[in-house]
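Novice: quick one, fold the following:
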Amino acid sequence: MKMLRFASSEHFHIPGWKELESLSQNGLGLVGHHFITIKDCPQLVSLETDEEGLKLDKIPSVESLTIWNCKRLNRLPKFLDALSFLTVVSIYGCSGLISFAENNFPPALNKLEIWECENLQNLVYEKENNKSMSSNICLLEHLDIRYCESLICLSSRGDVCNRLRHLQVYNCSSLSSLFLNTKLPTMLKQLEIWNCPMLECIAQDFHETSDLECIKISGAQNIKSLPRGLDKLNHLQEIQIVNCSNMVVSFKESELPTTNLRVFSIEGCENFGALPMCINNFISLRELMVWNCSADISFPDEGFPTGLTSLAISNAPKIYSSLVEWGLTRLTSLQQLTIGGEGCSNVVSFPEEGIGMMLPPSLTFICIENFENLEFMYSKGFQHINSLQILSIHNCPKLTSLPEKGMLLSLERLHIYECLLLEKVSTRDKGREWSKIAHIPYVNFKIKKSRLDYQLER
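Specialist: The predicted model follows:
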């Protein structure tokens with residue numbers, strides 16, 4: 001007989017019973033346990049039991065249910081919505097599961113995670129003409145669904161998650177809509193959609209979702225526009241849009257709230273038309289990224305908010321040239337600066353020597369990349385930076401000179417990728433540039449820059 005682990009009288013743990021098909025085998029008892037974990041039971045088909053004393057609806061004290069890697073499990077108990085104390089459910093790697101619940105969620109359920117259930121088609125199996133479907137109030141606040149390739153829609157009912165505050169949907173390749181009524185839960189605060197290429201619409205508008213604080217959308221190639229009413233989101237703190245190639249994004253002066261927005265990030269969106277011309281009025285904005293979008297995007301007439309702490313621009317030659325003239329030193333709080341030089345073929349020095357360009361003294365991180373004709377680093381531009389910790393240089397094939405000795409005394413890490421000429425003159429103890437960087441604790445030369453490198457250099 002398989003031995004079961006009981007961490008305490010409240011915990012019930014089945015840790016890998018290969019032959020288990022149902023919970024009624026071998027007289028399993030669940031009464032009195034608040035936290036149930038079932039893991040690595042490849043033959044388990046159902047959580048239903050035949051014995052009256054073992055039925056889950058007779059043990060309403062269950063608070064948490066976790067199921068890991070039970071490939072044949074094809075349904076959860078029909079009486080799941082009778083578990084009045086169940087607040088957390090986590091299901092991972094159950095490929096046989098088609099739906100989570102029938103008709104309704106458990107009434108006290110607060111957090112639901114479903115990952116890697118590739119045959120999951122819907123969260124709630126909703127029978128036609130079932131009058132009990134709206135009989136209970138769903139308290140679900142956190143919903144996290146990932147790698148469920150067969151999921152088409154979260155719900156055909158708008159009220160099934162009416163109190164939802166945090167919604168995360170990752171890598172659901174068949175998802176075409178969130179809610180069939182095209183409305184978001186009115187109490188939603190965080191919306192994250194990643195790699196759902198079939199998704200066509202998030203919602204018609206944001207008018208009834210005024211509590212939204214965070215919007216993150218990535219890899220949704222079929223979405224052509226954002227919902228109307230962005231200007232109504234007075235609590236919005238972060239908006240991030242990544243790799244949405246068909247989304248036409250152009251923010252007019254009145255289309256974004258200016259009070260609380262802290263992060264504005266657009267990446268890999270070729271139809272992104274323009275930055276808000278009044279972006280200098282975004283008094284709370286701290287992080288701004290415009291990365292690999294249209295090269296025609298212009299620098300706002302009034303400049304950037306001077307309270308920025310992080311700025312990243314790439315494939316934006318118009319923004320770069322105007323930013324240089326406007327003066328980076330106006331950004332007196334800037335700590336992280338990342339610049340991609342695509343389209344800046346006239347740039348031979350960084351900072352630009354011709355205009356005596358200076359860098360903000362507050363900088364702790366600088367990354368420059370893809371400047372095809374960059375030849376040297378202008379030393380005087382670095383002279384007031386005393387807190388720089390990380391310098392990363394990527395794909396600057398003509399670069400042969402670093403800032404003069406004494407300019408990078410605070411530097412802790414130097415990353416250089418795809419800069420073969422610079423690498424040759426920076427050979428340890430022999431290269432012309434070595435004396436400038438010999439004091440740096442970590443110096444990294446690489447031919448290619450990997451995803452891991454991007455993470456490690458931060």
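
Novice: ok, L411 - contacts?
Specialist: 388-391, 437, 440 (C-beta atoms under 8 Å, 6 or more residues apart in numbering). Heads up, the C-betas are built off the backbone N, CA and C, glycines and all.

Novice: which helix of the protein spans the most residues?
Specialist: helix 317-326 (DSSP state H).

Novice: touching the helix or strand just after it from outside, list them.
Specialist: Next helix or strand after helix 317-326 toward the C-terminus (DSSP states H and E): strand 336-340. If you take C-beta under 8 Å, 6+ apart as the criterion, strand 336-340 is touched by 291-292, 309-316, 320, 328, 350, 359-360, 363-370.

Novice: mean confidence for strand 336-340?
Specialist: For strand 336-340, mean pLDDT rounds to 98.

Novice: strands paired with that strand, and their directions?
Specialist: strand 310-313 (parallel), strand 365-369 (parallel) (DSSP bridges).

Novice: and the last one, how far from the chain's centre?
Specialist: So the one you mean is strand 365-369. 22 Å (C-alpha atoms, centre = their mean, to the nearest Å).

Novice: following element in sequence after it, please.
Specialist: Per DSSP H and E, the first helix or strand lying C-terminal to strand 365-369 is strand 376-377.

Novice: which strands and helices sit next to that next one?
Specialist: strand 349-350 (3 or more C-beta pairs under 8 Å, 6 or more residues apart in numbering; DSSP states H and E).

Novice: related to what we said a few turns ago, highest neighbour count among the contacts of L411?
Specialist: L391 (25 neighbours; other C-beta atoms under 10 Å).

Novice: what does the strand or helix carrying that one rub up against?
Specialist: Using DSSP H and E, L391 sits within strand 390-394. For strand 390-394, contacts defined as C-beta under 8 Å, 6+ apart pick out 364-370, 399, 408, 411-419, 422, 449, 457-458.

Novice: list the contacts for the nearest residue to F371 once chain neighbours are set aside?
Specialist: Leaving aside its sequence neighbours, F371 sits nearest to G341 (C-beta to C-beta, 6 or more residues apart in numbering; 3.4 Å). By C-beta under 8 Å, 6+ apart, the contact list for G341 reads 320, 347, 368-372, 374, 396.

Novice: circling back to that earlier point, distance to T209 added to the strands paired with strand 336-340, as a markdown table?
Specialist: Shown next, in a markdown table, are those (distance: least, C-beta to C-beta, whole Å):
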| stretch | distance to T209 |
| --- | --- |
| strand 310-313 | 27 |
| strand 365-369 | 35 |
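
Novice: let me have those strands in a markdown table, adding mean pLDDT as columns.
Specialist: Converted to a markdown table, the strands paired with strand 336-340 look like this (pLDDT from 0 to 100):
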| stretch | mean pLDDT |
| --- | --- |
| strand 310-313 | 98 |
| strand 365-369 | 97 |
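
Novice: now for Y442, how many residues are close by?
Specialist: 11.

Novice: for it, give me its contacts.
Specialist: Residues near Y442 by C-beta under 8 Å, 6+ apart: 412-414.

Novice: who wins for most neighbours among those?
Specialist: L414 leads those on contacts (other C-beta under 10 Å) with 21 neighbours.

Novice: sorry, back to before: buried sites along the longest helix of the chain?
Specialist: For helix 317-326, the neighbour count (16 or more other C-beta atoms under 10 Å) marks 317, 319-321, 323-324, 326 as buried.

Novice: and what of stretch 368-381?
Specialist: 368-371, 374, 376-379, 381.

Novice: next, give me the two most distant ones among these.
Specialist: N370 and S379 (22.1 Å; C-beta to C-beta).

Novice: hang on, the earlier thing: outside of the longest helix of the chain, which residues touch it?
Specialist: Helix 317-326 is contacted from outside by 290, 295-299, 303-304, 313, 339, 341-344, 347, 351-352, 355, 357, using C-beta under 8 Å, 6+ apart.

Novice: try it again at 6 Å.
Specialist: Applying C-beta atoms under 6 Å, 6 or more residues apart in numbering, the external contacts of helix 317-326 come out as 298-299, 303, 313, 343-344, 352, 357.

Novice: got the angle between that helix and strand 336-340?
Specialist: 130 degrees (axes from the mean of the first three to the mean of the last three C-alpha atoms, to 10 degrees).

Novice: how many other residues sit next to D205?
Specialist: 16.

Novice: for it, give me its contacts.
Specialist: Per C-beta under 6 Å, 6+ apart, neighbours of D205: 227-229.

Novice: on that earlier part again, among the contacts of strand 390-394, which are located in strands?
Specialist: Using DSSP state E, the members of these that fall in strands are 365-369, 413-417.

Novice: ok, which stretches of the stretch 1-150 of the chain are strands?
Specialist: 11-15, 35-39, 64-68, 88-92, 99-102, 111-115, 122-125, 142-146 (DSSP state E, counting those that start in this stretch).

Novice: export those strands as JSON lines, with columns for mean neighbour count and mean pLDDT.
Specialist: Formatted as JSON lines, those follow (neighbours: other C-beta atoms under 10 Å; pLDDT from 0 to 100):
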{"stretch": "strand 11-15", "mean neighbour count": "18", "mean pLDDT": "82"}
{"stretch": "strand 35-39", "mean neighbour count": "19", "mean pLDDT": "89"}
{"stretch": "strand 64-68", "mean neighbour count": "20", "mean pLDDT": "93"}
{"stretch": "strand 88-92", "mean neighbour count": "19", "mean pLDDT": "97"}
{"stretch": "strand 99-102", "mean neighbour count": "20", "mean pLDDT": "82"}
{"stretch": "strand 111-115", "mean neighbour count": "19", "mean pLDDT": "97"}
{"stretch": "strand 122-125", "mean neighbour count": "18", "mean pLDDT": "79"}
{"stretch": "strand 142-146", "mean neighbour count": "19", "mean pLDDT": "97"}
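
Novice: is it possible to get TSV of those that adds distance to L233?
Specialist: Below are these laid out as TSV (distance: least, C-beta to C-beta, whole Å):
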stretch	distance to L233
strand 11-15	42
strand 35-39	38
strand 64-68	34
strand 88-92	29
strand 99-102	30
strand 111-115	24
strand 122-125	26
strand 142-146	20
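
Novice: between the ones you listed, which gets nearest to R165?
Specialist: strand 142-146 (7.0 Å).

Novice: just give me how far the closest one sits from the chain centre.
Specialist: Counting by C-alpha atoms, centre = their mean, strand 142-146 comes out at 13 Å from the chain centroid.

Novice: give the pairing partners of that strand; include direction for each.
Specialist: strand 111-115 (parallel), strand 166-170 (parallel).

Novice: could I get these as CSV with distance to L76?
Specialist: Listed next are those as CSV, based on distance: least, C-beta to C-beta, whole Å:
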stretch, distance to L76
strand 111-115, 11
strand 166-170, 20
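
Novice: quick one: which of these is nearest C70?
Specialist: Of all those, strand 111-115 comes closest under C-beta to C-beta, at 12.9 Å.

Novice: residues in contact with the closest one?
Specialist: 88-92, 142-147.

Novice: and the strands in the stretch 151-300 of the chain?
Specialist: Under DSSP E, counting those that start in this stretch, the stretch 151-300 of the chain gives strands at 153-155, 166-170, 177-179, 190-194, 214-218, 238-242, 249-250, 263-267, 272-274, 287-291.
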